[in-house]
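Model the structure of this input:
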Amino acid sequence: MDNYITHCKVRGMSPHTIDNYTTILKGFITWLGDVPTSSITTDTINRFVIYCRDERKNNNTSIKDKLKVLKTFFKYCDVNVALPSIQAEKNFKTPYTEEEIKKLLEKPTINSYTQWRNHAIISTLLGTGIRSRTLINLKIRDLDFKNNTIFLEKTKTNKQYYLPMSTALRQTLRHYLSLYEHNEDDYLFVNLYGEPLNRHSLKQTIRDYNHMKGVTKVSIHLFRHTFAVNYLRNGGNIMYLKEILGHSKLTTTQIYLQINNEDLKLNFDEYNPLDKTVRKGIKIKKK
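As a prediction, the model looks like this:
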């Protein structure tokens, strides 16, 4: 396993991916015990899947992710074993509603650093769709107010690229930065001690902020989902969205094409062939 992790690092995988692979492989090896790799069979993997589902209470999506890692690990170890095909659950997430977004984007009424910082964090998440780990690694030098761009240096896929900065986000970030002294090399979002936020503190910050605004949803990743869904709802090009989100495959972006029940009701009578025909073809007699 150590050799394989070194191999992954040499290939240039991101630290987040390396940590994920390490956790999954350690879990499998701990369950498997001290046995030679040549003894691993399809039955071994089937028993591991049952263990994950029954003992660890993993859902199919989680199990499928683990099998993907095991597949590449076995290939590296030259272990020829068939892995079961697991159908991942279709998890239809409900984006933040327009009313919830309005509550979250209400501007602070006082010049409190933490309130304006939290407002700026929410604005950045909703205005760019970036992941939490990318957000906490943003530095002030990454903001180009002249060209209205944000440079993403540390992303999940290690892909570095520029994002457009909307007018509203530009105004919010400039006001936020005007509240305190800073250097270009400082992290964009820090605590009162000037230390960068970590994923745990960011998660807690979002939870407290949302509850304070009367919003029960607290998922950070849901901001990314909300950005993508609304980008497409508003007529955005899916190929542009693919580049904005930093996806390598279009199929990954296409998950945001999911349409919920409220979307289905929009203009339903107008486009429904039954109603359209009835309205055009039948005239009510005048009494």
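
For the rest of this, base every contact and every neighbour count on C-alpha atoms.
Will do.

if you go through the stretch 51-200 of the chain in chain order, where are the strands?
143-144, 149-152, 161-164 (DSSP state E, counting those that start in this stretch).

Give the buried residues for stretch 152-172.
Neighbour counts over stretch 152-172 (16 or more other CA atoms under 10 Å) mark L152, K154, T155, K156, Y162, L163, P164, M165, L169, R170, T172 as buried.

And stretch 178-193, by the same measure?
Neighbour counts over stretch 178-193 (16+ other CA under 10 Å) mark Y187, L188, F189, V190 as buried.

before we move on, back to that, output the strands of the stretch 51-200 of the chain as TSV; include the columns mean pLDDT and distance to R117.
Putting these into TSV (pLDDT from 0 to 100; distance: least, CA to CA, whole Å) gives the following:
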stretch	mean pLDDT	distance to R117
strand 143-144	96	15
strand 149-152	96	17
strand 161-164	93	20
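
Just flag the most distant two among the buried residues of stretch 152-172.
Greatest spatial distance in those: K156 and T172, 25.6 Å, computed using CA to CA.

Columns distance to S248 on top of the strands of the stretch 51-200 of the chain, output as a markdown table?
As requested, the strands of the stretch 51-200 of the chain are arranged in a markdown table below (distance: least, CA to CA, whole Å):
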| stretch | distance to S248 |
| --- | --- |
| strand 143-144 | 24 |
| strand 149-152 | 15 |
| strand 161-164 | 13 |
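
quick one: which of those is nearest K93?
Evaluated with CA to CA, those place strand 161-164 nearest to K93, the distance being 24.7 Å.

Tell me which residues are up against that closest one.
By CA atoms under 8 Å, 6 or more residues apart in numbering, the residues outside strand 161-164 that reach it are T128, N148, T149, I150, F151, L152, E153, I244.

what does stretch 96-110 give?
With CA under 8 Å, 6+ apart as the test, stretch 96-110 has contacts from 115-116, 119, 122-123, 210, 213-215, 217, 222-223, 226.

how about that stretch: buried residues?
By neighbour count with 16+ other CA under 10 Å, stretch 96-110 contains the buried residues Y96, E100, I101, L104.

Helices of the stretch 101-250 of the chain, start to end?
Along the stretch 101-250 of the chain, counting by DSSP state H, counting those that start in this stretch, helices occupy 113-128, 132-136, 167-177, 199-212, 221-233, 238-245, 250-253.

For Y76, which of those is the nearest?
Counting by CA to CA, Y76 lies closest to helix 250-253 out of the helices of the stretch 101-250 of the chain; the figure is 25.9 Å.

would a markdown table of the buried residues of stretch 152-172 with distance to C52 be doable?
Shown next, in a markdown table, are those (distance: CA to CA, whole Å):
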| residue | distance to C52 |
| --- | --- |
| L152 | 36 |
| K154 | 32 |
| T155 | 29 |
| K156 | 26 |
| Y162 | 40 |
| L163 | 39 |
| P164 | 42 |
| M165 | 43 |
| L169 | 43 |
| R170 | 46 |
| T172 | 45 |
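
Going by distance to T22, which of these wins?
Distances from T22 to the buried residues of stretch 152-172, taken by CA to CA, are shortest for K156, at 16.1 Å.

Quick check: that closest one touching I18?
No: using CA atoms under 8 Å, K156 is not in contact with I18; the gap is 10.9 Å.

what would the buried residues of stretch 178-193 look like in JSON lines with distance to S38?
Putting the buried residues of stretch 178-193 into JSON lines (distance: CA to CA, whole Å) gives the following:
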{"residue": "Y187", "distance to S38": "49"}
{"residue": "L188", "distance to S38": "50"}
{"residue": "F189", "distance to S38": "50"}
{"residue": "V190", "distance to S38": "50"}
